[in-house]
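S.K.: just coords:
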Ligand code: APR
């Protein structure tokens, strides 16, 4: 059996850290692509030299072109500008749409059967760009957002209850923005809904901090945005696909009627396996939750409209 091949476009903070987690989990050979000369090459070489210490056997290549990406199983797109303090993800819209379009054109030409995982922001709109430009079936264009947002919520819940992060699941639906919809009802500790374990005020505080999770880090870093958790989240998705684990994970996917939403990428729980998105799972929402999700979808729609998609 041959090794899997994973291309990561954008060798900045998120892209390089994706390569790091991918290598340490030995998920496949890795091609790191960036427009800046020397950076993908240097980071690939540096990471390859960690292999003897960490004990991973994967090939790492850095490049400014796409020929090395040929026949990738997965292409992770992190190219684009990150946020600066005071910026929302939406402020990146037009610049990143151009970058993502160009990346998709080049990547899908060489890897027509790949699964695309999009990380560039504003996430849901960038997924729409990737779907249109690639012409891929919707099962093979997936946005990384919900795994990150729910990981943030899980970290806050585990901290509040002083329990293992492994015991905590959390559910976050909707677009990857201020209108995301964390669902405490479906967030549990060892199967127990957090609504039974934490007072309402604490839960409200966690929900708010989750929705603001990216901005909290931007305001601390000042020169960029989060990358350890975003890249770990993308790599969990990669692992579920390449190992055909069929994990249920919240991802941004193209909806065609599910949750009453059509023609838009929005975060919902899906099953990720060898074929990409193998199932979209529809859970029952309360009227209030449904309204929050619609509002979140409307925010995504606005951006998509600006791009004329
Ligand atoms: N092709 C390839 N790489 C590109 C292109 C392009 N057309 N345009 C920009 N890049 C590269 C930059 O050279 C840079 O190395 O993308 C990289 C982005 O890295 P960072 O600036 O460190 O940004 P990062 O924190 O990794 O965030 C990347 O992910 O989470 C999102 O909002 C974030 O949209 C941003 C993206």
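M.R.: Received, thanks. Computed from a predicted model, the values in this text were never measured in an experiment. Residues are numbered from 1 along each chain as shown.
S.K.: How about the contacts made by the residue of the chain found nearest the ligand?
M.R.: Proximity of the chain to the ligand (Cβ to the nearest ligand atom) peaks at residue 12, 1.7 Å away. Glycine gets a C-beta too; all of them are placed from N, C-alpha and C. Residue 12 makes contact with 34, 78, 82, 227, according to Cβ atoms under 8 Å, 6 or more residues apart in numbering.
S.K.: Identify the residue spatially nearest to the third one, adjacent ones excluded.
M.R.: By the measure of Cβ to Cβ, 6 or more residues apart in numbering, the closest residue to residue 82 outside its immediate chain neighbours is residue 225, 4.3 Å from it.
S.K.: The one you found: what secondary structure?
M.R.: At residue 225 the chain is in coil, as set by DSSP: H, G, I helix; E, B strand; the rest coil.
S.K.: Which residues does the longest helix seen in the chain contact?
M.R.: Longest helix of the chain, by residue count under DSSP state H: helix 287-306. With contacts defined as Cβ under 8 Å, 6+ apart, helix 287-306 is touched by 90, 93-94, 122, 124-125, 128, 173-175, 177-181, 183, 259-261, 264-266, 285.
S.K.: Restricted to strands, list those residues.
M.R.: The strands in this structure, assigned by DSSP state E, contain 173, 181, 264-266 from the contacts of helix 287-306.
S.K.: Closest to residue 241 out of these?
M.R.: Distances from residue 241 to those, taken as Cβ to Cβ, are shortest for residue 265 (17.6 Å).
S.K.: ok, which residues in the protein are in contact with the ligand?
M.R.: Residues of the chain lying near the ligand by Cβ under 6 Å from any ligand atom: 9-15, 33-36, 78-83, 92, 96, 99, 102-103, 119-121, 224-225, 227, 230.
S.K.: any idea of the pLDDT on the residue nearest to residue 82?
M.R.: Here the pLDDT value assigned to residue 225 is 94.
S.K.: if we can go back for a sec, tell me the one of the ones in strands among the contacts of helix 287-306 nearest residue 29?
M.R.: residue 265 (28.8 Å).
S.K.: ok, the closest one touching residue 132?
M.R.: No: contact between residue 265 and residue 132 fails when scored by Cβ atoms under 8 Å: they sit 10.9 Å apart.
S.K.: coming back round to it: got the phi/psi numbers for the residue of the chain closest to the ligand?
M.R.: Main-chain torsions, residue 12, degrees, to the nearest 10: phi -80, psi -150.
S.K.: quick one: low-confidence parts of this structure?
M.R.: Applying pLDDT under 70 to the chain flags the ranges 1.
S.K.: Work out which residue lies at the spatial centre of it.
M.R.: Compute the mean C-alpha point of the chain, and by Cα atoms, centre = their mean the closest residue is residue 144, 1.5 Å away.
S.K.: contacting residues for that residue?
M.R.: Contacts of residue 144 (Cβ under 8 Å, 6+ apart): 117-119, 123, 230, 233-234, 237, 251-252.
S.K.: Kindly reformat those residues as TSV containing secondary structure and distance to residue 195.
M.R.: Conversion of the contacts of residue 144 to TSV gives the following (DSSP: H, G, I helix; E, B strand; the rest coil; distance: Cβ to Cβ, whole Å):
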residue	secondary structure	distance to residue 195
117	strand	32
118	strand	33
119	coil	31
123	helix	28
230	helix	28
233	helix	25
234	helix	30
237	helix	28
251	strand	25
252	strand	26
